[in-house]
Each structure stands twice: as C-alpha cells, then as structure tokens.
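> The sequence and its predicted three-dimensional model are supplied below.
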Amino acid sequence: MAGPTGLSDVGPVTRVEFRVEDMDCASCLDTIRRSLEKRPGIICVEGSPISRRLEIDYDPATVDAEAIRREVSDLGYRVLAPSTATESTIKIWSSRRALRAYLAGTLLFVGLVLRLALHGTIVDSHGGPAWPGLEDLLFVAAAIVGASNFLPRAIGALRGRVLDMHVLMLLAVIGATVIGEYMEAAAIAFLFSVAELLEGFASERAEASVRSLMELSPDVARVRRDGVEVAVRAADVESGDLVVVRPGERIPVDGRVVEGHSAVNEAPITGEAMPADKTQGDHVYAGSIVHEGFLVVESERDAGDTTLARMIRLIEDAERRRSPSERFVERFARYYTPAVTIGAVLLVAVPVLLLGQPFDTWLLRGLTLLVIACPCALVISTPVSVVSAVTSAARHGVLIKGGASLERMAEVRVVAFDKTGTLTHGRAEVTDVIPIAELEADDVLAVAAAVEARSEHPIARAIVRAAAGAGEPYEVEDFESFPGQGARARVEGVVHIVGRPSLHADADSLPQLAELASQGKTPVVVLRETDDASRQIVGILGLTDPLRPAARSVITRLREMGIQRVVVLSGDLKQAAEEAGREVGADDVWSRLEPAAKVDAVERLEYETGRVAMVGDGVNDAPALAAASVGIAMGAAASDAALETADIAVMGDDLERLPYLYSLAQRSRRVIRQNIAAAILVKMVLAVGVPLGWVSLIVAVLVGDMGASLVVTANALRLARVRE
Ligand code: ADP
Ligand code: MG
C-alpha cells in the first residue's frame, strides 16, 4: 500500500490493546490470532491467555480500533477496554458461564435420576423406544444450555475459517443429538463447559499471583508539605516529595532516606528475607516494609516508574514472549487438530460405506475422535508452566523475562562471571596512594575523587569514599565515563583521567605498579592531560576488593547441578583476576578484557563449550550480557539499565540466587516436557482406543480434555514451590 506521499510502502503502525474476558485458553488466543491476521490492515496479533490481553498492531489507514474491537467480539468473545482490566476481577465460579454449566449439570443429573426411576438403569438401551422419553428432553435441554457457553465462539471461529475446539465440541454435541444419544450430548456440553471453567480458573490463579505483586505497593502515601502531613494517593506522589513512613507500614515510593533509621524488609523486591538497616542517604524501594523505625523518604521517582512498577511490567511482558516449547506446541496443534478431524471423518466413512457397518455406532466413534482432536490441554500446558515459574521466581527476587530465557537457562553449560562488583562485593577499598609527579598523596586522591564523583563503578565509589572530607571540593566539569576503562573530567580547568593502567602506554613499566599488581591489588592510574594533549601520570592508587563469601560455595553448587565450566572474565590485571579465580574455584580466568573483548570471550565460550550464562553488573557488562545465551544482571534493583538489558535480573545483590535460578529453570524444563508428553500421550492412547470401541464419548471429554488440563495445570503449579 502506498503512503499518502506515495513515497513509502509501509504506513505507520498503530497498536491497540484489549482485554478479552473469555480468552482464557491458549487455543482461543490462537483462533483469534489466525482469524484476525487474515483481515486487511491487521499486521500482528499478540496476547496472553493468562492476563487475557490482546495487542493488535494495525495500519490506521485501513482499519480503526473500533472495527477491530467489533471483529473480536464477532468471533464470540467479550471485549473490554484495557483500563477496566486491572480492576475488574471476574469471579470464574459465579460467572454467567458457570451458572449455565451448573444448570446444564443439574438438568443432566435430573435426567439421569429420571431414567433410573423409569427404566431401572442409567445406561441407554440401544434400539429402545423410537420416541425420545421424558428424560431425553432434559438431556437435550442440558445440551443446549451447556453448548450455549461455546456456541458464539464456535460460530465466530467458523466465520474466521478456523477449526478450533469450540467448533469440534459443537459438532460432537450436534452429532450425538442427531443419532439420538441425548445423554452423551448433554454430558459433552456439560463437561466441556466445566473444563473451560477449570482452565479459566488456572489462568486466573496465575494472573492473581502476578497481581498480588502489584498489591505490594500501598495506595496511600503520607506526604509532608510545608511541615504538615497530608494523605495523598500513592499514584500522585511526585519525585521530590517527602514521604513519611511509620513502623509496620509499606514504603509507597522509590527514594532516599532523609530522616530516621529503621530495619527495612526488602523481600518483595530483592527476595532477601533478612531486613537491611536503612538510614539517612540510603536507597529504599516501593513495596518494602519498615520494621520498628520511622522514616522520611524523599521520593526520587514518579509512582508509575518505581522499581516495583517496572518489575510488574516486565513480568506482564514476559508472558507474551513465547518460548520455543510454546511455539512447538502451537505448530503441533495446527497440524494435529485437522489431522485427527480427517481421521474422524474417515472413521465414519470407511466402515459405513465400504464395510457396511452400522452408521450410528461409527458416527459415535467419529464424534469421540473429534473430541480428542481438541488440543486444549496440550496448548495450555506450556504457558501455565512458564507463568508459574516466572511469578515464583519474582517472589525470590529474580526477574525472568519470558519463557525463552527460562528455557535457555536450563540449557546453560558455562557460567561466566564478571569480577569487580559481581564476584567481589563492590565494596572496594583504597589501600595505597602513590604520587608520581609533583602532587602530594592527598591531592592525587582528591583529584581522582573529583573525577569519579559521578561514576557508578565500585572502584569509583571506593575512591570517593576514601577521599571523603579531604579539603575543599574542586570545580568539576565535562564528566565522561568510559565503561570498563575509567572516567574523565575537567578538574579546575585541567582534564584528568582515572582508570585502568592500559590508558597510559608507560604505566606498565612503572615499578610501583608492578609492585601493587604482585600483591594482587587492583592498580588505577590518575592521568593529567597536558596542553599538547599528551597524558602524564600523576599518581597510582591501589585497591583491594574482597570476594563475596558466598562466591565459592555458589560455584561449587552450580557445578554439582551440571555446569561444566566456570570462567572469570575481568577487566582487571592478571594477578588480581587470577587470584580471585583461584579462590572461587574457576576453571579459567581471562583478564585485561575491555567490554568489547568480553563479548568475544563470551562468543568463544559459546563456541567451545555450549550455552553461556554471563553474570555481570548490567552496566559495564551490558554488551557481554547481550552476547551471552542468557545475560544475568546482579543487583538489578539498583540500576534501571541492568533491569532493562538483562534476560534475567537478580534484583538483590546475592549470588545465592544463581543455584536457585538454575534449578528452577531445569525443573521448569522438566515440567514443560512432562506436560507436553503427557498431553500428547493421553490423546494418542484415547485415539487408538476409539476405533476399537474402548473409549466412549464421555471418557474422551472427561479424560482427554478435562482430566488432562487439570493434570498439566497441577503439575505446573508445582513450580511455585521450588525453594532455594
Ligand atoms: P571487571 O571486569 O573486573 O568487573 P571492569 O570491566 O568493571 O572490571 O573494569 C576493568 C578495569 O577498568 C578496572 O580494573 C579498573 O582498572 C578500570 N576501571 C573501570 N572503570 C573505572 C572507573 N570508573 N574508575 C577507575 N578505574 C576504572
Ligand atoms: Mg564489573
């Protein structure tokens, strides 16, 4: 299509989002997607059966949002605006669908009792009276009431020329009625309605667990304005507001403590059960709980932008990124359903037309096979597992951005650790200050601190801490940071650079530097740019950076769980990096790597050994995290960039989450495989039993649809119980 200027082929893309109330099974989403994507102007349909969201990208020159809304509702679904979504919780068991299912069940039950009273048996006597009995009227009524639950969606699917489970079930109900198997018709309509309710219930539970994260953030905040406290909606708190939090309350904002002192439980964000002491200057997160103290927090973020709000958004997005297993199942279902349907037709045609078998018996078998053609349990099996795993990880302070990351994590063979800030605490300490030129030691430190004042690197923070309170603050301009290298700024008008020794060609030949390196310390050079833009070394700082106590045991456990190779990737010098590697028990240590070289290192590891999980800080290491199969950012709560770039973000600063994560990923993969295999196997066994006359229609619905859905859902919910 030509744009209005005639220059471009592709018009602008607009996105609309709906909430679709009864789209709670994965194959419903597939039906909607396949029907809509055939319409002109609709570019892409994405959504999640769990949050019942539908996102449609369309070309506004061809269709508009209202027309799309009508199309979805023509497919037989109830469409709401997304804004009504989060507030309205439909109660599955008291919904209109449920009431119809109960009514159908009651009619079916009364019909059975009546038949028992009239004939002394509930089993239909074949070749019985030519006219339907009284109980059969009840069965037909039950079939109509039950089928009205999926009739609109069946018609919608037919209109969209999609053969989905609603169509199949409707055919089964109609077929059974036509050959006078009224009780069977009623039973399918009733049982399938219940199966759908169960599926809706499973989705709703999964959604509720996502929503319960949202409820961690209080609705009301007490803000101090002009010395008086006023209660305002938490959503209206702006950055800069002073928020008062009392003992036992949840903090409503992300911000910095300006007054007070308390232990704060940050478990909702970081998953860390031990409360952290917070006092003036410390960061706190919305959703964490103040213990015994009283805090005044200066809000640093608008309400919609807190770490918690971001986490929730990322988890919601995670549902939409389909994993390889989900794609496999979807593709499988697209062939499976038509294939079995053709099988059903043949199962009637061949015996009746070619072998002269009785029509009624074989039609019933054909209908049974139709019921088995429904891919429901199969299609729901993977998304419920993924959502279950992702939300349970969130409760442990680990944010997994989608099923694909989860499945890849299970296949990781190599773990590569960044050193500074990841294997070490990031609480480095300046131990040596060596002036090289005419400056005093204190001046070297003060200049270095002035340059580093705005850098987030652990080394920078250590330098700033070491220099605290030393002399008058300098005038600093033109700050610039070079990730993995150092930082530069104009101090009192002169450009200074602080960073890795390789920034100066002569640094390696300085005996002082070799001395620091041989002690396993991390040397940092302080350079001054002279007028002719050449660099002069004015000092060297030596730092030590203690390893995290947990590092060694975490690596040991990862190995026990199947990790084949552990590598340290460091920008630091050889000695310091190798010492760290030896202490934690790494297989290889690659040192003096710049950020780009870490990318090469990751690629080499992927090539040599297999899938790599790169564990880093998410800022310095962002390129390497992106290059790895799985990029894991540590301490992501403290950094927006880390939260956005990583595949998996460990919110707290705790390496112990890694073995948990790996075991969760492996279990998820196992559960997903079990679910897919179980669903396929059940269908296969039933399908083989049908021509032999071993499987009745009712068994097919009860076992193949409802039973299988229940089993895969229950299996998925086990993932919520994985512990550290
Ligand atoms: P690692 O890979 O061990 O985490 P980085 O890549 O973060 O290390 O940094 C590599 C080296 O670069 C450090 O050892 C240090 O010498 C230097 N460096 C990086 N950033 C800074 C900074 N802000 N200030 C001083 N030195 C820095
Ligand atoms: Mg680092």
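Received, thanks. Numbering: from 1, shown residues only. Ligands and ions are numbered 1, 2, ... in the order given.

> Around ligand 2, which positions in the stretch 401-550 of the chain sit nearby?
Within reach of ligand 2 by CB under 5 Å from the ion, the stretch 401-550 of the chain has these residues: Asp418, Thr420, Gly421. Just so you know, the C-beta spots here come from the backbone N, C-alpha and C atoms, and that holds for glycine as well.

> contacts with ligand 1 among those, please.
Checking these against ligand 1 by CB under 6 Å from any ligand atom, the ones in range are Asp418, Thr420, Gly421.

> what about the helices in the stretch 201-350 of the chain?
Taking DSSP state H, counting those that start in this stretch, the helices of the stretch 201-350 of the chain run over residues 267-270, 307-320, 324-349.

> Quick check: which of the ones you listed is nearest to ligand 1?
Judged by CB to the nearest ligand atom, the one of the helices of the stretch 201-350 of the chain that comes nearest to ligand 1 is helix 267-270, at 21.1 Å.

> List the contacts of that closest one.
Outside helix 267-270, the residues that touch it by CB atoms under 8 Å, 6 or more residues apart in numbering are 213, 216, 273, 285, 287-289, 307-308, 311, 397, 637, 651-654.

> Next, the buried residues of that helix.
Ala267, Pro268, Ile269, Thr270 (16 or more other CB atoms under 10 Å).

> And the residues you listed, which is closest to Arg604?
Thr270 (32.9 Å; CB to CB).

> Give me the neighbour count for the closest residue in space to the closest one that isn't next to it in sequence.
Leaving aside its sequence neighbours, Thr270 sits nearest to Gly652 (CB to CB, 6 or more residues apart in numbering; 3.0 Å). Residues near Gly652, counting by other CB atoms under 10 Å, number 22.

> Ala333 reaches Cys376, doesn't it?
No: counting by CB atoms under 8 Å, Ala333 does not reach Cys376; the two are 9.1 Å apart.

> Which residue of those two possesses the greater neighbour count?
Cys376 (27 against 21).

> can I assume the more buried one is in contact with Leu710?
No: counting by CB under 8 Å, Cys376 does not reach Leu710; the two are 11.2 Å apart.

> Confirm Pro40 sits in a helix?
No: applying DSSP: H, G, I helix; E, B strand; the rest coil, one finds Pro40 to be coil, outside a helix.

> Please report the distance of it from Asp59.
Relative to Asp59, Pro40 is positioned 8 Å away (CB to CB, to the nearest Å).

> Likewise for Phe417?
47 Å.

> part of a strand, is the residue nearest to Thr270?
No: under three-state DSSP, Gly652 sits outside any strand and is assigned coil.

> pLDDT score for it?
Gly652 is assigned a predicted lDDT (pLDDT) of 83.

> Val162 is in contact with Thr31, correct?
Yes: shown here, Thr31 and Val162 form a contact pair, counting by CB under 8 Å, at 5.0 Å.

> Looking at those two now, which is surrounded by more residues?
More neighbours surround Thr31 than the other of Thr31 and Val162, with 26 against 21 (other CB under 10 Å).

> tell me which element the more buried one falls in.
helix 26-36 (DSSP states H and E).

> Run the chain-centre distance for the host helix or strand of Val167.
Using DSSP H and E, Val167 falls within helix 165-178. Offset of helix 165-178 from its chain centre (CA atoms, centre = their mean, to the nearest Å): 37 Å.

> With the flanking residues excluded, which residue is spatially nearest to the single nearest residue of the chain relative to ligand 1?
Minimum separation of the chain from ligand 1 (CB to the nearest ligand atom) falls at Gly571, amounting to 2.4 Å. With CB to CB, 6+ apart as the criterion, Gly571 has its nearest non-adjacent residue at 4.9 Å, and that residue is Gly484.

> Before we go further, the one you found is sitting in a helix, right?
No: the assignment for Gly484, made by three-state DSSP, is coil rather than a helix.

> wait, isn't it in contact with Arg592?
No: with contact defined as CB under 8 Å, Gly484 does not reach Arg592; the gap is 10.6 Å.

> Mutual contacts of these two, please.
In contact with both Gly484 and Arg592: Gly571, using CB under 8 Å, 6+ apart.

> Of these two, give the one with the bigger neighbour count.
Between Gly484 and Arg592, counted using other CB under 10 Å, the more crowded position is Gly484 (23 against 14).

> list the contacts for the more buried one?
Gly484 neighbours (CB under 8 Å, 6+ apart): Arg500, Gly571, Leu593, Glu594, Pro595, Lys598, Asn620, Asp621.

> cool, Met23 as well?
Leu29, Ile32, Gly47, Pro49, Arg52, Leu54, Tyr77.

> The same query, at a cut-off of 7 Å, please.
Contacts for Met23 (CB atoms under 7 Å, 6 or more residues apart in numbering) come out as Leu29, Ile32, Pro49, Arg52, Leu54, Tyr77.

> one step back: surely the residue of the chain closest to ligand 1 meets Glu594?
Yes: when contacts are counted by CB atoms under 7 Å, Gly571 is listed as touching Glu594 (6.5 Å).

> quick one, which of the two is more surrounded?
Neighbours were counted for Gly571 and for Glu594 using other CB under 10 Å; Gly571 has more, 24 against 16.

> Pretty sure the more buried one sits in a helix.
No: residue state for Gly571 (three-state DSSP) corresponds to coil; a helix is not indicated.

> Could you tell me how far it is located from Asp418?
Gly571 is 8 Å from Asp418, by CB to CB.

> do the same with Ser217
31 Å.

> what helix or strand is Pro659 on?
helix 657-689.

> Gly47 now?
strand 42-48.

> For that strand, give me every contacting residue.
13, 29, 32-33, 36-37, 53-59, 63, 68, 319-320.

> tell me which residues of that strand are tucked away?
Ile42, Val45, Glu46, Gly47, Ser48.

> That strand: partners in the sheet, and parallel or antiparallel?
Strand pairing for strand 42-48, using DSSP bridges, gives strand 53-58 (antiparallel).

> I'd like the average pLDDT over the partner strand.
The model assigns strand 53-58 a mean pLDDT of 86.

> and if you look at stretch 465-483?
If you average the pLDDT values across stretch 465-483, you get 80.

> cool, and stretch 700-707?
Rounded mean pLDDT across stretch 700-707 is 87.

> Any stretches of the chain with poor pLDDT?
For the chain, the stretches flagged by pLDDT under 70 are 1-11, 25-26, 82-90, 122-131, 210, 213-214, 469-472, 724.

> Which positions in it make contact with ligand 1?
Residues of the chain lying near ligand 1 (CB under 6 Å from any ligand atom): 418-421, 452, 455, 457, 459-460, 484-487, 498-500, 522, 524, 570-572, 620.

> try it again with 5 Å
418-420, 455, 457, 459-460, 484, 486-487, 498-500, 524, 570-572, 620 (CB under 5 Å from any ligand atom).

> Show me how the record splits the protein into domains.
2-88, 96-210+319-384+673-719, 220-304, 400-423+549-662, 429-544 (automatic domain parsing).

> ok, and which of the ones you listed has the densest surroundings?
domain 400-423+549-662 (a mean of 21; mean count of other CB atoms under 10 Å).

> can you give me the end-to-end distance of that one?
Taking CA to CA, to the nearest Å, domain 400-423+549-662 runs 12 Å from one end to the other.

> Stretch 363-379 now?
27 Å.

> what ranges do the helices span in the stretch 451-600 of the chain?
Under the criterion DSSP H, counting those that start in this stretch, helices of the stretch 451-600 of the chain are mapped to 458-467, 511-518, 551-560, 574-584, 595-608.

> okay, those helices in JSON lines with distance to Ala147 next?
Output for the helices of the stretch 451-600 of the chain, formatted as JSON lines (distance: least, CB to CB, whole Å):
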{"stretch": "helix 458-467", "distance to Ala147": "65"}
{"stretch": "helix 511-518", "distance to Ala147": "79"}
{"stretch": "helix 551-560", "distance to Ala147": "54"}
{"stretch": "helix 574-584", "distance to Ala147": "63"}
{"stretch": "helix 595-608", "distance to Ala147": "53"}
